[in-house]
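A.B. asks: 3D model of this:
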Amino acid sequence: MKPYPPLGLLYLSAFLKSKGVDVRVYDTTFRKKTEFYRFIESERPSLVGIYSNLMTKVNVLQMIRFLKTKGITVILGGPEATYNADDYIKHGVDIVVVGEGEVTLAETAQALLDGKVSALDSVAGIVYRRDDGSIIHTAPRHYVEDLDKLPLPDRKSVDIPAYIDTWRKHHGMGSVSLITARGCPFHCNWCSTAVYGHSHRRRSAGRVADEIAMLKEQYQPDMLWFADDVFAINHKWFFEFAAELKRRRLETPFECISRADRLTEEVLRTMKELGCFRVWFGSESGSQRVLDSMERGVTVEQIRATTKSARKYGIEAGLFVMLGYAGETVEEIEETIEHLKKADPNTFLTTVAYPIKGTGFYEKVSVNLVQPGPWDRTPEREISFRGRYCRPFYWFANRRLVNEVRFHQVRSNNGHTGLKALKLLAKARVARLGMSATKYFRS
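C.D. replies: Numbers count the residues shown, from 1 in each chain. Model (predicted):
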């Protein structure tokens, strides 16, 4: 229950409105699919744009099928769309927007609303099907160079107070999200760069400060979520931003995602001064071999040191952990467990690696991919690859990791082994037996 509104769609809505296009945003966060169908029946739009990602594909395809029965032109965007454009076209989508969407969508919508379908050939950054059935990929779209020229997200088109109230009800603090930059220049080979490539473009410090002032005035959030891929990636910009917030007295509790190699002592100290109470960054593995294979560009030692530095300044450290990367062994999973004990983060989240189309990881395992069902019924996260341990193994591995690390933390903090710690230890040992029993089965 930590929802945020779809900033990407809200940026698109604001940009389209600035170009004179009549736009309504339908936010599915607090609604059922049947409500969407009733909305479409009532409004009868000529164009519907949908955002799709790895988690929503199956639902999105159901929505598309419904829209096509109403004769509505469907435009699709998002990270899932870029490398699966042809598949989406074959399943009913009329146009796929590839990459950054504002200018592309505005030009596409204008051509369609003017009845100039033939003009789509000259719109960069789209994939569409001609009347003769051929699928056309137009030239790539250049990124927006000056992000300050984009209007702020169209937050008035969705119920922001509902998001804040949900946060307050379940977590005691109402949160609002914003971004300071787009893209990430790093090359972690499991990470999708389908929308922004390896670009990194920043908004000006003053423009972001203006948005924070507006958010505080209009919505009175208790905290902010900086939704950048890597916050504080550029230190010169970050310290300018910090000075601007301090000058305007806009310090506000916030959390963000960054990288261990960008979080210096000075950056962490300044983040704390601005109100940062939690920073997330990727640990992924405790094996340096696995990290190097991922092309992460960080070391196990950097991750441990940054975790301890964050905690020294009173900032909670949250780590992302990934099991099941190509070639990972049982011994390397055990290295990850020991690594987390030494790093001692406040919290950590785990996932099992899955190959995303268009990434280096996908290319590495592409000849061994195992798709458990038809493309239109199988979420990308269910795709595996031959040679890896079976799914039950990773279920046990995850339980062992979580319980063993928590046992270590409880015992270290309490100085003794109580009932809670013993339960964690028992779960960890059962999971270890489960790993032993399933490690001989492969995908």
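
A.B. asks: which parts of the helix or strand containing Thr336 are buried?
C.D. replies: Secondary structure assigned from DSSP states H and E places Thr336 in helix 330-343. Neighbour counts using 16 or more other C-beta atoms under 10 Å place 332-337, 339-340, 343 of helix 330-343 among the buried residues. Any C-beta I mention is one placed from the backbone N, CA and C, and that applies to glycine too.

A.B. asks: Show me what that helix is packed against.
C.D. replies: On a contact count with 3 or more C-beta pairs under 8 Å, 6 or more residues apart in numbering; DSSP states H and E, helix 330-343 meets strand 276-284, helix 300-312, strand 316-323, helix 391-414.

A.B. asks: so after it, what's the next helix or strand?
C.D. replies: As assigned by DSSP H and E, the chain's next helix or strand after helix 330-343 is strand 347-352.

A.B. asks: contact partners of the lowest-mean-pLDDT helix or strand in the chain?
C.D. replies: One helix or strand of the chain scores below all others by mean pLDDT, DSSP states H and E: helix 79-82, with a mean of 90. Here helix 79-82 makes contact (C-beta atoms under 8 Å, 6 or more residues apart in numbering) with 52-54, 56-57, 60, 88, 96-99, 192, 194-195, 358, 380.

A.B. asks: Run through the neighbouring helices and strands of the helix or strand just after that helix.
C.D. replies: Using DSSP H and E, the helix or strand that follows helix 79-82 in sequence is helix 85-90. Judged by 3+ C-beta pairs under 8 Å, 6+ apart, helix 85-90 is in contact with strand 95-97, strand 126-129, strand 135-137.

A.B. asks: Off-centre distance for helix 85-90?
C.D. replies: Here helix 85-90 is found 23 Å from its chain centre; the criterion is C-alpha atoms, centre = their mean, to the nearest Å.

A.B. asks: Which parts of it count as buried, going by neighbours?
C.D. replies: Buried residues in helix 85-90, defined by neighbour count with 16+ other C-beta under 10 Å: 85, 87-89.

A.B. asks: Export those as TSV, with columns for pLDDT and distance to Phe239.
C.D. replies: Formatted as TSV, the buried residues of helix 85-90 follow (pLDDT from 0 to 100; distance: C-beta to C-beta, whole Å):
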residue	pLDDT	distance to Phe239
Ala85	96	41
Asp87	96	45
Tyr88	97	43
Ile89	97	46
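
A.B. asks: What is the nearest of the residues you listed to Leu150?
C.D. replies: Nearest to Leu150 among the buried residues of helix 85-90 is Ala85, at 24.2 Å by C-beta to C-beta.

A.B. asks: from what I can see that closest one touches Val97, true?
C.D. replies: No. Using C-beta atoms under 8 Å, Ala85 makes no contact with Val97, being 9.2 Å away.

A.B. asks: Does Gly99 touch Ala194 like I think?
C.D. replies: Yes. Judged on C-beta under 8 Å, Gly99 makes contact with Ala194 at a distance of 7.4 Å.

A.B. asks: Out of the two, name the residue with the larger neighbour count.
C.D. replies: Gly99 (22 against 19; other C-beta atoms under 10 Å).

A.B. asks: closest one to Gln220 among the helices and strands packed on helix 85-90?
C.D. replies: Relative to Gln220, the nearest member of the helices and strands packed on helix 85-90 by C-beta to C-beta is strand 95-97, separated by 34.7 Å.

A.B. asks: Tell me who's in contact with Leu113.
C.D. replies: Residues in contact with Leu113 (C-beta under 8 Å, 6+ apart) are 21, 46-47.

A.B. asks: Now render those as a markdown table, adding neighbour count, pLDDT and secondary structure.
C.D. replies: As requested, the contacts of Leu113 are exported to a markdown table (neighbours: other C-beta atoms under 10 Å; pLDDT from 0 to 100; DSSP: H, G, I helix; E, B strand; the rest coil):
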| residue | neighbour count | pLDDT | secondary structure |
| --- | --- | --- | --- |
| Val21 | 15 | 94 | coil |
| Ser46 | 11 | 94 | coil |
| Leu47 | 18 | 96 | strand |
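
A.B. asks: Put together TSV for those residues, with distance to Ser177 on each row.
C.D. replies: Listed next are these as TSV, based on distance: C-beta to C-beta, whole Å:
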residue	distance to Ser177
Val21	24
Ser46	31
Leu47	27
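
A.B. asks: Let me know the closest of those residues to Arg269.
C.D. replies: Top of the list for closeness to Arg269, among the contacts of Leu113 and by C-beta to C-beta, is Val21 at 45.6 Å.

A.B. asks: Once you drop chain neighbours, what's closest to the closest one?
C.D. replies: Ala109 (5.5 Å; C-beta to C-beta, 6 or more residues apart in numbering).
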